[in-house]
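Student: Everything below, folded, please.
(chains A, B and C)
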Amino acid sequence: MADEDEDASLLWGNNVSEETDLSDETQDFRFLNNLTAHDTGNLSLPKRGEKDFESHATNLQHSMLEASRQAMHGVLSWTRVHGPKQHILGMYHPMSNMAFVTNPKSQHFRTVGRAKGSTQWLLPEEALFLIERGSMDCRWPVKEDEGDDGPIDTQEGVPMSLQGAYAAFLGFEGGVGGKLTQEMYTVYAGLKRSGYIVFRMGTWNYERGELQVPSLENPATKEGNWFLRLFGGIWRRLTQASTEMPAKQLYFGPVVKPGLYRSYSDIYRLLQLTPFHDRMAAPTFILPPDHTNPFRVVFDVYKTDPKFKKSACGPPDFRIAVINARETSMPTAAQLNDLFATTPYDLPKQNMQLYQKLKHGSRNVILAVVDNGIPSYIRIADSPFAEEKLYERSVHQGNKRGKGRGGRGRGKGRGRGR
Amino acid sequence: MASEAVDSPPSLIPQPNGNGDRLTVDKKNQTSLENKLKPIGPKRRPYTEIHSRPLPLEVHPLPVFIPHNPLSFVRIAINLISHSFRPPSSHPTVHRGYFSTETQSIHVTNPQSIVALWEQGFWGSGSLSRTEPQWLEHEKRKRGLGESKTAWEVTQERREARRQFKLERARLERETIEQQLRQEGKLASTEQVPAEQEPVVPVKQTGAFPISDANKTKNEFGPTEDSQEDRQNRQVASSDRDPSSEEIEDQEHLQLTLEEAFFLTYGLGALEISKDEISLSSNYLFRLYSTYSNFPIPENSASHIHNLFRLQEQKYKDTLETSDVLPIAPDNPFLLKYVVYHHFRSLGWVVRDGVKFASDYLLYNRGPVFAHAQFAVMILPSYSHPYWSATPDRKEESKKKEARDWWWLHRVNRIQTQVLKTLVLVYVEVPPPWDEDLESKAFQVNIGNILKKYKVREVVMQRWTPNRNRD
Amino acid sequence: MAPVTEPFPISNVAGRYLLFDVDVISHVRRNHNICGVLIGTIPNLSQQNVFLGIPLQLMPEEARVLVEQGHAYIFDDAQAHMQGFFGMSRKDRLEFLRMMDERGQQRARDVRRKAEERSEKALREKGLLQARTEQKESEALVAEGDPGTDAGGSLFGSTPQLPANRRVADKKLAPHFITPTTSYPPLAPPSQPSTLALPEVPRQYPIYRYMQSKGYFAMPGLRFGCHYSIYPGDPLRFHSHFLTTGLGWDEEFELLDIVGGGRLGTSVKKTYLIGAEEPEKEEGEEGKVRAFSIEWAGM
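Tutor: Have a look, this model is predicted:
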């Protein structure tokens, strides 16, 4: 029996079904030993390392631990330095909680920032990330004294430390884009480090996205010429049980009374009672707008693309909502409904396998759930199983294959145009 | 490739590869697939033949219509005419079972019914087996009467081999550490690092099944006690058996969950539940199952529901106490489970209990013998209806019932991922209470209408990793 | 590694507990078996997520244990920065700028020196000696060179560097700029506040505190399906033993969840642990924490 094995799966050593995500476990900083802060060209990431299960009280184990700790301390001590050639100088703008860079020449601004004239303005997460990765030298604004004449040069501002940047850009509620939480930033930085292009969604304010109404395409099947259509209709009436059921039958049961049934599909069709979510209906919001609702798309994410243009970026590849696991519970159906309502349809391709189609769903969103600095990404998909009626696909049609086109046509017709 | 089917000797069972081959029923490969999917033993038919019927009902398709062949017209016409004179039955057998209050499940003891229910849609579990009722076969084998190994035995052998391997590996590790410690001068050359506590030794094969003593009722796998009725039914059944068959009395019965039984009764009309020789109405069963799905059963409810039986089903005339037959809560556990069960079964899925993997249900395309379940279902009741937020009490109550945390979700999802299943969260919209006026309606329920009040929405969950999706 | 005096400050930034000082980070690791989560991007290693750097994010539970035991105190970092930087006097500002300038110059000199050493090494290996005439050209190149880009050994290899001309080159040396990690200087480290703020902790706090007191390290366990992933030693060197979930003493939970936990743990060779704190028996006494392990029996 096929699934007897499943209990035995506990005994299989390494779990082959899970990808080894190196960021799941602390890795040994000694891997970085041959690098310095200046020469990091040859970084090759470690494979799953050899760790111990418990203390052996051996000197060897102790000295290895000491070496790892020293390595970590060393790497954490690297200073952020900007050479004259690649110096990006920015200044913090407290009122909007943004930073601006005048006349930037760097490639970085291909994927971040908004231009206003020749100045690039950065959202708090964009600024913080550039500072953190060592690309931007950001300055505090200068207090204007009476003796000053004219605008202060950015270079006169006090350099902002990393700690200062965190203190400044996180948590400020009154700035552009609203409050940047630690969780939002963790997700932003993580995706940037993985190579994605990340933008704040939409209009940068608290409002939720618009309702995404499906387009009116309705792929009707071509049923062939009129003769076959007529014959198909007669055939259908002959071979199918009527779906008109006397109310008494549903009241008392059984739903499937003894009678003559031509196929199991007929029986299954009779049994369909409980309504399910109709994805073809236009989506509506269930809850009133609420800016404390965390279930909204915050970031639009694009895959790495050397030809990317800020001005003409097209629809994002992924939409991310950021959730703090410690503050928010799992979504209710209403919250999910509203979240899905703001994402466009992303239907599976016709030629996909059944399981692929069901897993793909008709709409999807990625939830970035953060637990104290560690993000876990979950893709949720709105997937009406009733879209893919298993009984129409399987071989359970008895021994009948149906007449040529009629059999298959009938199945397809039902699946779509409702 | 049917990597999961246990049909080869232990040493040849293929290990799962990194992608987790899925078994897809592809028509082109069907015949070769059938050959691979034969149950253990030389004389068995292929699974596709045994399990050719997805439901315990019969269908009678018309012969194939070939447009250019006039003979097919004739065949169809004959078929239609004969069917109108003597319509063949869709329900050739109605199986019988009874409700056990001790186990809150439905027992089926007739051997033919047990086989039919298992084969035609994978209903129920053997009370003394893992899933498929196999106790008798195993008993026969133990006594040298049967031939082949059961899947259970194969699994046990593999487990033993695995355990030995682990012990050996632990021993080698210990020795390496000892060597290191000796080198560092921390251990005398004769000392040894103490071995870790050995895991609990699994129950030996021969001892795992109960002694076939008709008087012994308790067994190691479950607390199921054979009631008087069970034994009676079995004796009746065994006296019908072919005298040339073996003399072993099958101690095992088929156990159906409340949802399975209700679907078979109310949905398909293929199962009749009786009590004191009276066939119970679906209406009564609905209330009975709902009552027993609560734990613990509210005081007096058990006796009052029995009184209801006497009134409704036995047509007893006197007045009896039924005040503690409580209205069925709209989020009654049986009801929620049943709505989802009925939904997936009516789409064609084989739905089985998922406790093995800490989920509510497992969905199989064709059945557990063919492939692993692809989906694991978790049911989440949802209280979006305005009724549930109309008062602060209700609001708080429903909020508590809806609350689930992310650690729970990751736990469930990780378990499913480990066994190559995808988690499906099924949100069930709970309607406002509909059974408050049960007494004025003489305890009758319009089952169909009630099922239509609920709404089901599936949300598929999968872990997403940035590394894999970058380009 | 400089020694750390206790109690040391923990930054509260937008409700999260962060550490920016590398010495403090090493200190809590060694002395209090608290490892936290490194969440910052390491400069020049900004295209991977395996190795992350400062700041270190402490769980509220970790911060609370440190504060409760008197090792640390919390202070509002945003407020400290606003006060310190927005109100900074012109004099202080210029003083700090001058200091940073000097560091920048020093840095530029270091870079050039390293480049010189590299080229000398290359020369020695090649066994060649070049004429002085090209030295000016090379010095101009050096002034523009910056870290992270190895301008190619061959370029330097063809021109000699002579220490005698260094003072001339000093004036042409373009300064580097530094972004410090912490704000001390120019600010003074925050002083201990008069009232001790205790971080708010979730209901699973007792099991964390219990495990920490026994010497275990803990990291957030969301990905593994538990509250904490518990290690018998430093996670740099050890695998975790326990997947731990904390509950309230009287909290109801589903039996199915126990099944799940057992299955979860056993399949990755870890033990699933649940624990809770018994309500106090007498006034003032801390409740005892009980922990239970669950393993799949595999019968």
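Student: Domain ranges for the chain, per the record?
Tutor: Since you didn't name a chain, this refers to chain A. A:68-143+A:151-177, A:181-214+A:279-387, A:226-276+A:398-415 (automatic domain parsing).
Student: sorry, should have said chain C
Tutor: Using automatic domain parsing, the domain parsing of chain C gives C:1-87, C:90-172, C:202-299.
Student: where exactly do the helices run in chain B?
Tutor: Secondary structure of chain B (DSSP state H): helices at B:30-36, B:47-50, B:70-85, B:111-119, B:135-142, B:151-183, B:228-239, B:258-262, B:282-292, B:301-308, B:333-346, B:392-402, B:406-418, B:447-453.
Student: sorry, back to before: identify whichever of the domains of chain A lies nearest to chain C.
Tutor: Among those, domain A:68-143+A:151-177 comes nearest to chain C, with 2.4 Å by CB to the nearest CB. Where you see a C-beta, it was placed from the backbone N, CA and C, and this is true even at glycine.
Student: re earlier: comparing the helices of chain B, which yields the minimum mean pLDDT?
Tutor: When the helices of chain B are ranked by mean pLDDT, helix B:228-239 comes last with a mean of 44.
Student: State whether residue C:276 is indeed within a helix.
Tutor: No - under DSSP: H, G, I helix; E, B strand; the rest coil, residue C:276 falls outside any helix and is assigned strand.
Student: Could you check how many residues crowd around it?
Tutor: Number of residues near residue C:276 (other CB atoms under 10 Å in any protein chain shown) recorded here: 23.
Student: Same check on residue A:158?
Tutor: Using other CB under 10 Å, residue A:158 is surrounded by 21 other residues.
Student: ditto for residue B:305
Tutor: So residue B:305, with other CB under 10 Å, has 22 neighbours.
Student: Enumerate every residue touching the residue of the stretch 101-250 of chain C found nearest chain B.
Tutor: Nearest residue of the stretch 101-250 of chain C to chain B: residue C:225, at 3.1 Å (CB to the nearest CB). Taking CB atoms under 8 Å, 6 or more residues apart in numbering or on different chains as the contact definition, residue C:225 lies against B:407-408, B:410-415, C:243, C:260-261, C:264.
Student: I'd say residue C:6 and residue C:73 touch.
Tutor: No - counting by CB atoms under 8 Å, residue C:73 is not a contact partner of residue C:6; they are 9.7 Å apart.
Student: Who has more neighbours out of these two?
Tutor: Between residue C:6 and residue C:73, counted using other CB under 10 Å, the more crowded position is residue C:73 (20 against 14).
Student: By mean pLDDT, point me to the weakest helix or strand of chain C.
Tutor: Taking mean pLDDT, DSSP states H and E as the measure, helix C:153-157 is the helix or strand of chain C with the lowest mean score, a mean of 35.
Student: follow-up on the earlier one: chain C: which of the helices of chain B is closest?
Tutor: With CB to the nearest CB as the criterion, chain C lies closest to helix B:406-418 of these, at 3.1 Å.
Student: Chain neighbours aside, what residue packs nearest to the residue of the stretch 101-250 of chain C closest to chain B?
Tutor: Of all residues not flanking residue C:225 in the chain, residue B:411 sits nearest, at 3.1 Å (CB to CB, 6 or more residues apart in numbering or on different chains).
Student: and that neighbour, how many neighbours?
Tutor: Residue B:411 is flanked by 25 other residues according to other CB under 10 Å.
Student: Poorly predicted segments of the stretch 1-150 of chain A, please.
Tutor: For the stretch 1-150 of chain A, applying pLDDT under 70 flags the ranges A:1-20, A:34-50, A:55, A:145-150.
Student: what residue is smack in the middle of chain A?
Tutor: Centroid check for chain A by CA atoms, centre = their mean gives residue A:366 as the closest residue, at 2.5 Å.
Student: So it belongs to a strand, correct?
Tutor: Yes - checked against three-state DSSP, residue A:366 lies within a strand.
Student: for it, what are its contacts?
Tutor: Counting by CB under 8 Å, 6+ apart, residue A:366 touches A:318-321, A:377-380, B:464.
Student: Mind checking which of the residues you listed are in strands?
Tutor: A:318-321, A:377-380 (DSSP state E).
Student: Adding distance to chain C, write the residues you listed out as JSON lines.
Tutor: Putting the ones in strands among the contacts of residue A:366 into JSON lines (distance: CB to the nearest CB, whole Å) gives the following:
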{"residue": "A:318", "distance to chain C": "16"}
{"residue": "A:319", "distance to chain C": "20"}
{"residue": "A:320", "distance to chain C": "15"}
{"residue": "A:321", "distance to chain C": "16"}
{"residue": "A:377", "distance to chain C": "10"}
{"residue": "A:378", "distance to chain C": "11"}
{"residue": "A:379", "distance to chain C": "15"}
{"residue": "A:380", "distance to chain C": "16"}
